[in-house]
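Novice: from the sequence below, what's the structure:
(one chain, ligands or ions: 1)
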Amino acid sequence: MKFYSLNKNAPAVTFKEAVINGIAPDKGLYFPESITPLPDSFFNNISDVSNQEIALNAILQFVGDEIPTAILKDILAKVLDFEFPVVPISKNIGTLELFHGPTMAFKDVGARFMAQCLGYFSKKSDEEVTVLAATSGDTGGAVANGFLGVNGVKVIILYPNGKVSDIQERQLTTLGQNITALKVDGTFDDCQAMVKSAFLDNELLEKMKLTSANSINVARWLPQLFYFLFAYKQAKKAGREIVFSIPSGNFGNICAGMVAQRLGMPVKHFIAATNVNDTVPKYMKTQHYNPKPSTATISNAMDVGDPSNFIRIRHLYQDNFEELNKNLSSYSFTDEDTKEAMLEIYETSNYIADPHGAVGYLGLKKYLENHPNTYGIFLETAHPVKFLDVVEETISHQLEIPPQIQKVMNKEKKSFNISTYNDLKSFLLR
Ligand SMILES: *Cc1c(COP(=O)(O)O)cnc(C)c1O
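Specialist: The predicted model follows:
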């Protein structure tokens with residue numbers, strides 16, 4: 001399988017090269033040259049198949065023979081060692097809980113898969129790879145944890161001073177080993193700008209192999225399609241048409257769901273639910289794509305004004321708006337709406353949703369108003385404890401701290417302070 005650049009100005013590459021490069025030399029995102037549907041029998045019998053087997057079937061065509069199948073199986077066993085339950089909320093709504101991994105963020109699967117692939121590829125070369133990542137909160141913890149102890153890979157995470165939660169900061173500053181955290185005097189946008197500058201800095205690129213760990217990387221993006229297959233496996237028995245509502249920021253997760261659909265998984269419709277960062281809902285209304293700076297919200301992992309993966313979705317539909325519109329609805333919600341939804345879910349179903357999941361729930365409810373006979377699944381992308389203050393205040397109920405989180409609470413935070421790109425560069429070249 002080859003991957004080509006969506007900017008069409010760079011050579012097609014193998015899975016291995018796509019993973020190591022992250023982004024193509026022409027700054028385009030990589031895209032698989034084909035998506036071959038799995039046989040009908042795969043979906044008919046999916047209820048009897050283990051998650052690891054499902055994942056192997058789904059990812060094999062993209063990885064090809066770049067990783068021997070026995071090793072790919074080992075990787076998937078390491079990556080998928082927790083549950084992905086669909087929990088009923090009401091008669092026609094369920095939630096797919098994606099937060100049972102080590103950092104309780106849905107990004108655990110993608111981050112761990114990418115880390116394992118990169119670890120495998122770098123074992124076979126003597127050049128060390130440096131992964132550079134900016135985080136507004138959840139990505140950093142998942143990436144740090146996923147890459148911890150992977151030989152041949154150094155990880156540097158930039159996060160904005162004072163703008164991530166205490167738990168999130170602990171998750172990325174207490175690990176040590178090959179993980180370094182840089183505390184940036186500035187906003188998330190400043191962190192991201194520094195990372196971008198590094199990727200354009202030829203002096204730096206000559207001296208080290210740099211790659212990114214965000215959902216631009218195919219090894220972080222594609223494994224997210226497993227979630228949808230795991231949900232389908234559980235929801236299929238209801239015998240109703242299924243729709244998915246995905247709380248979206250960079251639109252990598254939902255785009256992976258659409259790849260699962262191209263693999264032949266029966267899905268009736270996708271709903272992209274956003275907070276007030278509504279670039280895509282606006283696009284679906286007006287057909288005009290107007291990126292803008294992000295606005296801070298209580299669902300902060302989705303505070304994205306120019307979603308990097310939306311271009312992959314448009315490409316999947318060959319920029320045919322009519323076709324996209326048949327398969328995707330998109331709605332945006334305010335923080336007030338989100339808190340009301342959290343309270344509603346708690347009071348009617350005794351279920352505690354985090355702000356991101358609550359946005360997904362709102363999008364689903366809106367769609368179901370006009371499609372009452374479908375079964376809707378919204379994705380719960382983070383454990384509510386990751387957003388402790390807002391959740392406890394909204395539902396007036398104290399949460400228990402799960403063991404994964406408790407583990408980091410007493411560890412010492414370690415990070416280096418930086419404030420400019422030059423600080424970052426001298427740090428990297430030191
Ligand atoms: C990253 C993230 C999202 C958004 O996912 P995208 O793939 O960027 O759309 C939603 N919720 C949580 C908790 C996240 O960490």
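Novice: pLDDT below threshold where in the stretch 301-430 of the chain?
Specialist: Within the stretch 301-430 of the chain, not a single segment meets pLDDT under 70.
Novice: near the ligand, which residues of it show up?
Specialist: The stretch 301-430 of the chain comes close to the ligand at residues 301-302, 356, 381-382, as judged by C-beta under 6 Å from any ligand atom. C-beta: built from backbone N, CA, C; applies to glycine.
Novice: from those residues, which two are the most distant?
Specialist: Taking C-beta to C-beta as the measure, these span a maximum distance of 10.4 Å, between Met302 and Ala382.
Novice: need the overlap of contacts for those two.
Specialist: Residues touching both Met302 and Ala382 (C-beta atoms under 8 Å, 6 or more residues apart in numbering): His356.
Novice: still on that earlier bit, helices - which of the residues of the stretch 301-430 of the chain next to the ligand land there?
Specialist: Judged by DSSP state H, the subset of those located in helices is His356.
Novice: neighbours around the nearest residue to Lys2 once chain neighbours are set aside, how many?
Specialist: Distances taken as C-beta to C-beta, 6 or more residues apart in numbering place Ala12 nearest to Lys2, at 4.2 Å, with adjacent residues excluded. Applying other C-beta atoms under 10 Å, we find 15 residues neighbouring Ala12.
Novice: now Asn9
Specialist: For Asn9, the neighbour count with other C-beta under 10 Å is 11.
Novice: quick one, grab the pLDDT at it.
Specialist: Looking at Asn9, its pLDDT is 96.
Novice: give me the nearest residue to it, chain neighbours excluded.
Specialist: Using C-beta to C-beta, 6+ apart and skipping residues adjacent in sequence, the residue nearest Asn9 is Asp26, 3.7 Å away.
Novice: strands along this protein, start to end?
Specialist: With DSSP state E as the criterion, the chain has strands at 2-5, 13-14, 30-32, 86-90, 93-97, 129-134, 153-160, 179-184, 209-212, 242-247, 269-274, 328-332, 375-380, 416-418.
Novice: among those, which one carries the weakest average confidence?
Specialist: Among those, strand 209-212 scores lowest, with a mean of 88.
Novice: and that strand, is it in reach of the ligand?
Specialist: No. Interface with the ligand: strand 209-212 contributes nothing (C-beta under 6 Å from any ligand atom), its closest point being 13.8 Å away.
Novice: partners of that strand in the sheet?
Specialist: strand 129-134 (parallel) (DSSP bridges).
Novice: dump the residue contacts of the residue positioned nearest the centre of the chain.
Specialist: Taking C-alpha atoms, centre = their mean, the centroid of the chain lies closest to Lys107, which sits 4.6 Å from it. Neighbour list for Lys107: 138-139, 142-143, 220 [criterion: C-beta under 8 Å, 6+ apart].
Novice: now do the buried residues in stretch 355-365.
Specialist: Neighbour counts over stretch 355-365 (16 or more other C-beta atoms under 10 Å) mark 355-365 as buried.
Novice: looking at the residues of the stretch 301-430 of the chain next to the ligand, state which has the most neighbours.
Specialist: His356 (33 neighbours).
Novice: isn't that residue up against Phe378?
Specialist: No. Using C-beta atoms under 8 Å, His356 is not in contact with Phe378; the gap is 9.8 Å.
Novice: what do the two both touch?
Specialist: Listed as contacting both His356 and Phe378 by C-beta under 8 Å, 6+ apart are Pro247.
Novice: now Thr187, nearest residue through space, not along the chain?
Specialist: With C-beta to C-beta, 6+ apart, the residue lying closest to Thr187 is Pro160, at 5.3 Å.
Novice: is the one you found in a bridge, and if so with what?
Specialist: Using DSSP bridges, the beta-bridge partners of Pro160 come out as Val184.
Novice: okay, it and Asn250: tell me how far apart.
Specialist: 17 Å (C-beta to C-beta, to the nearest Å).
Novice: which ones are touching the residue nearest to Lys2?
Specialist: For Ala12, the contacting residues are 2-5, 33, by C-beta under 8 Å, 6+ apart.
Novice: I'd like to know how far Val131 sits from the ligand.
Specialist: Val131 is 17 Å from the ligand, where distance means C-beta to the nearest ligand atom, to the nearest Å.
Novice: neighbours of that residue, how many?
Specialist: 27.
Novice: identify the residues contacting His383.
Specialist: His383 neighbours (C-beta under 8 Å, 6+ apart): 99, 104-105, 354, 402, 405.
Novice: Ile54 against Lys233, yeah?
Specialist: Yes. Taking contacts as C-beta under 8 Å, Ile54 lies within contact range of Lys233: 6.8 Å.
Novice: what residues do those two have in common as contacts?
Specialist: Joint contacts of Ile54 and Lys233 (C-beta under 8 Å, 6+ apart) are Ile46.
Novice: what about the residue in the stretch 1-150 of the chain that the ligand sits nearest to, neighbour count?
Specialist: Closest approach between the stretch 1-150 of the chain and the ligand, counting by C-beta to the nearest ligand atom: Asp138, at 3.5 Å. Residues lying near Asp138 (other C-beta under 10 Å) number 28.
Novice: same thing with Asp26?
Specialist: Neighbourhood size, Asp26 [other C-beta under 10 Å]: 12.
Novice: for the residue of the stretch 1-150 of the chain closest to the ligand, what are its contacts?
Specialist: Residues near Asp138 by C-beta under 8 Å, 6+ apart: 103, 105, 107, 168, 301, 382, 386.
Novice: at 10 Å what do you get?
Specialist: 103-108, 111, 164-165, 168, 171-172, 249, 300-301, 356, 381-382, 386-387 (C-beta atoms under 10 Å, 6 or more residues apart in numbering).
Novice: skipping adjacent residues, who's closest to it in space?
Specialist: In space, Asp138 is closest to Ala105, 4.3 Å off (C-beta to C-beta, 6+ apart).
Novice: identify the bridge partners of that neighbour.
Specialist: On the basis of DSSP bridges, Ala105 is bridged to Ala382.
Novice: how many residues are close by it?
Specialist: Count around Ala105 with other C-beta under 10 Å applied: 29.
Novice: let me see the ranges of the helices in the stretch 151-300 of the chain.
Specialist: Along the stretch 151-300 of the chain, the stretches classed as helices by DSSP state H, counting those that start in this stretch are 166-173, 188-199, 202-207, 218-221, 225-235, 252-262, 279-286.
Novice: contact residues of the stretch 1-150 of the chain facing the ligand?
Specialist: Proximity of the stretch 1-150 of the chain to the ligand (C-beta under 6 Å from any ligand atom) is limited to residues 105, 107, 138.
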